[in-house]
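J.: sequence-free structure coming up:
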């Protein structure tokens, strides 16, 4: 079944908040997200700052110990104005270099969905005009956190949250561990495109039209978010320092390969040895995000 | 001029050791490297364990404050036997998961340069046969370290060393800061292929035939290794935790964009914002390696 | 005014929960805390596991932007049975040493408030009998977290939480930034004594009789918990890695010295240079705790 | 036997350098050290900058696999002028606070050995006059590094080096693992006093008269520096981040308790649980230093 949902209120934490809609296992939701500062498709502020989330959606049948599957069917900017930070974050450069960063401000992008490009409009710099292809993605999404917590949309953990991974694009299937009845799915913080690491603290921030399908896998417990697309399976670790995020993602991949792909411990380790790939989510937020990947060609 | 050099002695630190050969700026060296455990193309041990290095080569005209350019003209396995570790390193998984790793041992690979593949031969596991394409690379190379130090080939720093980055393949041009007269260039630790992070502590370790061309850029001071290929410019940070390696690489890229690509601070930051990419070198050694990349299409 | 409060329900997160009692600025609360696993003075489980908290107490006049002052008037074990872990946590030793740790279990202590000692009762080991003096402290306390979050009692942040610092003993005055109306003060997780770092994941865990006085400083904004006793002023940073916790604590101390002790930036830095001391809170939880101290003799 | 040694040349790395003196097991050396910038008791520069070291001293009988015991018999400033940095290092504060640090410069101290005090002389600040007691210590000392390396005196590792721990005062006995024949002992970088962490990058830097006695324990292999005084046994971990330095120090203490103090693994863990203490060496250098301590009263 398809639900068209127009959000009214938004949340800036992922926790056991009152559901805005109850959907069945397998239902599709067509809705919108506002940008990271709470502005909608008309550039009107309709939500508080800080990655306000559409939702939560209660999914029938999801229980603690289940896994929620989120299919990202469509992620499409619904206005032309996008913005990003102008300066690399102080925590991403050498402490002695921080004084050489430009002033932190906002850059403006013209996002053209027809041309499938984003064009840097302001401020002026020696970079001149820069036009890059769109890669629309969801920066912050996930389920209500474990142990009854309500965790800020500024950060991330086992439940997902603000991971800012370039790979969370249309066509990706994402798996979250469920901690609350109904899972309570949230999403927001769309980016028209983003560099690795989200090192200026933002992608090209924009409001979105989104379409997601939610499914439940009963009695399947996972430790960290997992994902897949046509070519890759991926696991996500969220923590600081990056070393620890990497440990979480790597451990989750070793578990996945053994649980679902018929490998023993030795086989999983041997496969990872020469075939593993890693990609950065953000290295800006309180928790950093590391993604561990294996190409599906090795899993046949 | 081309030099054919057959190594006799090897070094397990990058420091102010006696040069084995003096070459002119622009000369090419054709030589060999033994594998990480000191075994040559005949599988005879001719060097001590621990990434023994061929060299050092003294390059006329290189002085502290210069930059050494290393063109990786050819990197080709010169035997069929390769090996790698069987277990992900304890520091790469969650501390509570370490007990579930398989026993650390050696896996054997058949490296076929004609077919351009490596095939996992032993040990047996549920992974079964695994055949992957070759991507021959140099794991450990660089120049004599700063301040008269002799730094172990187990680790890396500003002078290069054991970076284990998958991108250091044939056709890559690598830049090192020079700290000693003649630069004193070393190389070794070839891998027929390698996963990101070198997470079992090894790629497919093998001896190599190599051909490198060495050039000097006088009075050009760089902070960390830089590299480029047809498509990308890259900077390398070596440190622990990975956060700090990332800071070094990011800072070096911001500097490079401003020094050599005509950008101001604002332009360099805006470009990095949405176009930066990161890749992992090793996350196994005492110092981890992070690579920061920008595609050359944005630099025209 | 003095309030005698007998807790019924407990919380395992510090967030905007319904207050159990409203008190005036300056009031004293006499109450009890259960142990980390939810057992009370009769060794009956009356609360869920995981540092269950007594409270929250709503303090009249506390507003976001205020500071809450907590005077720890009395902290006294109210039963004889205490327990702690038997094995140092995996994250506190070298990854390669984890396999040599003993099995994680519970050790039993006889806590004698009259003799002011704790005696190790079980398990048997070559350590034999060990009797140490009591140093009763509060492991987890603080106020509702910022931005409407509910943060698990397993961890800590700007609002306090599970800091496990040996210095939070009777006679200490602790300052917390206020994020919610009424501040919403919580406390629990008492330790009869504890080593630095809480490296087995527990002190000598025990239920307590406590007496605290709560005051409000209006329009005083602090960044991190602060504390003082007769001899020292202290600031607390909570984060991972420990380097970041140290940065938070050091920064907060530099601010405090300039805000309240009449120093300029140069003077504060010069004082810290040779007189600063650091002490560890826990290095076991998701966020580690570092304490930065200055002796009051230098502040006259 | 006592040797009076007047240094002529100094080293800025700890490696297999030519010995300046050969001494027997148990001999005492009376010598001097210059300050961190190479200035001697007459404030004349006689050595290069960067913690120049007196030595190395070859100790007869020391072999790889031995332990060198260094008794710090006397450490006494031999001039009145001391200096330290004026600003906390950028890596010790929050990245966003770095711009609020004062300019990095030098402060001047009057070191009075008769009064046993150091008095801050310049620059002027709102701190006014500050007079603190002397606690003379050695910042950088140790033996030639492992694997033939020559490691900069800016950093530290298993062989010791620039640890900057306030506890390395007169009366302390320090143990180093031996990696080269004769151990090759170096020392320098004296501080008249120092705050924890050496957070301005220096203690009160000064030249020293020193007296040390060197002994060899044959066939005793330790992993990291150890130390003891009348009251404590201590182990030292050097690494970044601080978490890893802590892991090294904790692991070494668990080993020591089991090797030399008759404890089994369970007993060592139970003792550490409630009795361990930690103290910071420097958190300024490339490798940070954490010290793990156990009071001797618990070891009887």
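T.: Cool, got the structure. None of the values given here were measured: they were computed from a predicted structure.

J.: ok, the closest residue to chain B within the stretch 151-300 of chain A - contacts?
T.: Residue of the stretch 151-300 of chain A nearest chain B, by CB to the nearest CB: residue A:267 (3.4 Å). (C-beta placed from N, C-alpha, C; glycine too.) Residue A:267 is in contact with A:257, B:125, B:126, B:127, B:128, counting by CB atoms under 8 Å, 6 or more residues apart in numbering or on different chains.

J.: ok, and the closest non-adjacent residue to the last one?
T.: Here the nearest residue to residue B:128 in space, its sequence neighbours aside, is residue A:267; by CB to CB, 6 or more residues apart in numbering or on different chains that works out to 7.8 Å.

J.: what's the mean pLDDT across the helix or strand that contains the one you found?
T.: Using DSSP states H and E, residue A:267 sits in helix A:265-275. Taken as a whole, helix A:265-275 has a mean pLDDT of 98.

J.: packing partners of the very next helix or strand once past it?
T.: Using DSSP H and E, the helix or strand that follows helix A:265-275 in sequence is strand A:277-280. Counting contacts by 3 or more CB pairs under 8 Å, 6 or more residues apart in numbering or on different chains; DSSP states H and E, strand A:277-280 is packed against helix A:242-260, strand A:288-295, strand B:277-280.

J.: one more time with 7 Å
T.: Counting contacts by 3 or more CB pairs under 7 Å, 6 or more residues apart in numbering or on different chains; DSSP states H and E, strand A:277-280 packs against strand A:288-295.

J.: re earlier: for residue B:131, see how far away the residue of the stretch 151-300 of chain A closest to chain B is.
T.: 15 Å (CB to CB, to the nearest Å).

J.: mind checking how far the closest residue to residue A:113 other than its chain neighbours is from residue A:85?
T.: Using CB to CB, 6+ apart and skipping the chain neighbours, the partner closest in space to residue A:113 is residue A:77 (5.7 Å). Distance, residue A:77 to residue A:85, using CB to CB: 18 Å.

J.: and residue A:55, what element?
T.: strand A:53-59.

J.: rounded mean pLDDT for that strand, please.
T.: On average, strand A:53-59 scores 98.

J.: for it, the distance to its chain's centre please.
T.: 15 Å (CA atoms, centre = their mean, to the nearest Å).

J.: now for it, which elements pack on it?
T.: Against strand A:53-59 (3+ CB pairs under 7 Å, 6+ apart) you get strand A:21-23, strand A:28-33, strand A:185-191, strand A:208-217.

J.: got the contact list for the nearest residue to residue A:116 once chain neighbours are set aside?
T.: Nearest residue to residue A:116, sequence neighbours excluded (CB to CB, 6+ apart): residue A:134, at 5.0 Å. Listed by CB atoms under 7 Å, 6 or more residues apart in numbering or on different chains, the contact partners of residue A:134 are A:111, A:116, A:117, A:118, A:192, A:193.

J.: how about 10 Å then?
T.: Taking CB atoms under 10 Å, 6 or more residues apart in numbering or on different chains, we find residue A:134 in contact with A:75-77, A:82, A:111-113, A:115-118, A:169, A:191-193, A:204, A:206.

J.: for residue A:73, same thing?
T.: Contacts of residue A:73 (CB under 10 Å, 6+ apart): A:28, A:29, A:30, A:170, A:171, A:172, A:210, A:211, A:212, A:213.

J.: try 8 Å
T.: A:28, A:170, A:211, A:212, A:213.

J.: what distance do you get for the second one to chain C?
T.: Spelled out, it's residue A:170. Separation of residue A:170 from chain C (CB to the nearest CB, to the nearest Å): 30 Å.

J.: same question for the first one.
T.: Computed with CB to the nearest CB, the distance linking residue A:28 and chain C is 30 Å.

J.: neighbours of that residue, how many?
T.: For residue A:28, the neighbour count with other CB atoms under 10 Å in any protein chain shown is 16.

J.: where's it relative to residue A:173, distance?
T.: 13 Å.

J.: and residue A:299, its phi and psi?
T.: phi -110, psi 10 (degrees, to the nearest 10).

J.: that one reaches residue A:228, doesn't it?
T.: No. Residue A:299 is beyond contact range of residue A:228, at 10.2 Å (criterion: CB atoms under 8 Å).

J.: can you count the residues close to the nearest residue to residue A:276 once chain neighbours are set aside?
T.: Among residues not flanking residue A:276 along the chain, residue B:195 sits closest, at 4.2 Å (CB to CB, 6+ apart). Residues within reach of residue B:195, counting by other CB under 10 Å, total 25.

J.: from residue A:263, how far out is residue B:195?
T.: Taking CB to CB, one finds residue B:195 at 15 Å from residue A:263.

J.: identify the bridge partners of residue A:169.
T.: residue A:137 (DSSP bridges).

J.: quick check: closest non-adjacent residue to whichever residue of chain A sits closest to chain C.
T.: Minimum separation of chain A from chain C (CB to the nearest CB) falls at residue A:150, amounting to 4.3 Å. Of all residues not flanking residue A:150 in the chain, residue A:15 sits nearest, at 2.6 Å (CB to CB, 6+ apart).

J.: tell me the contacts of the one you found?
T.: Here residue A:15 is in contact with A:144, A:145, A:148, A:149, A:150, A:151, A:184, C:149, C:150 (criterion: CB under 8 Å, 6+ apart).

J.: hang on, residue A:156 packs against residue A:287?
T.: Yes. Assessed by CB under 8 Å, residue A:156 is found in contact with residue A:287 at 4.9 Å.

J.: pull up the overlap in contacts between the two.
T.: With CB under 8 Å, 6+ apart as the test, residue A:156 and residue A:287 both reach residue A:238.

J.: end to end, how far does stretch A:18-30 reach?
T.: The stretch stretch A:18-30 measures 19 Å between its terminal residues, going by CA to CA, to the nearest Å.

J.: what sits closest to residue A:161 if chain neighbours are left out?
T.: Nearest non-adjacent residue to residue A:161, counting by CB to CB, 6+ apart: residue A:142, 5.0 Å away.

J.: which residue does the stretch 151-300 of chain A bring closest to chain D?
T.: For the stretch 151-300 of chain A, CB to the nearest CB, closest residue to chain D: residue A:241, 6.5 Å.

J.: pLDDT at the nearest residue to residue A:38 once chain neighbours are set aside, what is it?
T.: Distances taken as CB to CB, 6+ apart put residue A:47 closest to residue A:38, at 3.6 Å, once the chain neighbours are dropped. You'll see residue A:47 listed with a pLDDT of 97.

J.: ok, now residue A:300?
T.: 82.

J.: count of neighbours near it?
T.: 5.

J.: can you tell me which residues contact residue A:138?
T.: Applying CB under 8 Å, 6+ apart, the residues near residue A:138 are A:33, A:72, A:75, A:168, A:187, A:188, A:189, A:190, A:191, A:208, A:210.

J.: actually residue A:139, not the one I wrote
T.: By CB under 8 Å, 6+ apart, the neighbours of residue A:139 are A:36, A:51, A:162-164, A:168, A:188-191, A:194, A:198, A:203, A:282.

J.: state the three-state secondary structure for it.
T.: Following DSSP: H, G, I helix; E, B strand; the rest coil, residue A:139 is assigned to strand.

J.: what residues does the stretch 101-250 of chain A put near chain D?
T.: residue A:241 (CB under 8 Å from any CB of the partner chain).

J.: got the residues of the stretch 101-250 of chain A near chain C?
T.: A:146, A:147, A:148, A:149, A:150, A:151, A:152, A:154, A:239, A:240, A:241, A:244.

J.: same thing but 6 Å
T.: A:147, A:148, A:149, A:150, A:152, A:240, A:241 (CB under 6 Å from any CB of the partner chain).

J.: doesn't residue C:241 make contact with the last one?
T.: Meaning residue A:241. Yes. Contact criterion CB atoms under 6 Å: residue A:241 and residue C:241 qualify, at 5.0 Å.

J.: number of nearby residues for residue A:127?
T.: Residue A:127 has 20 nearby residues by other CB under 10 Å.
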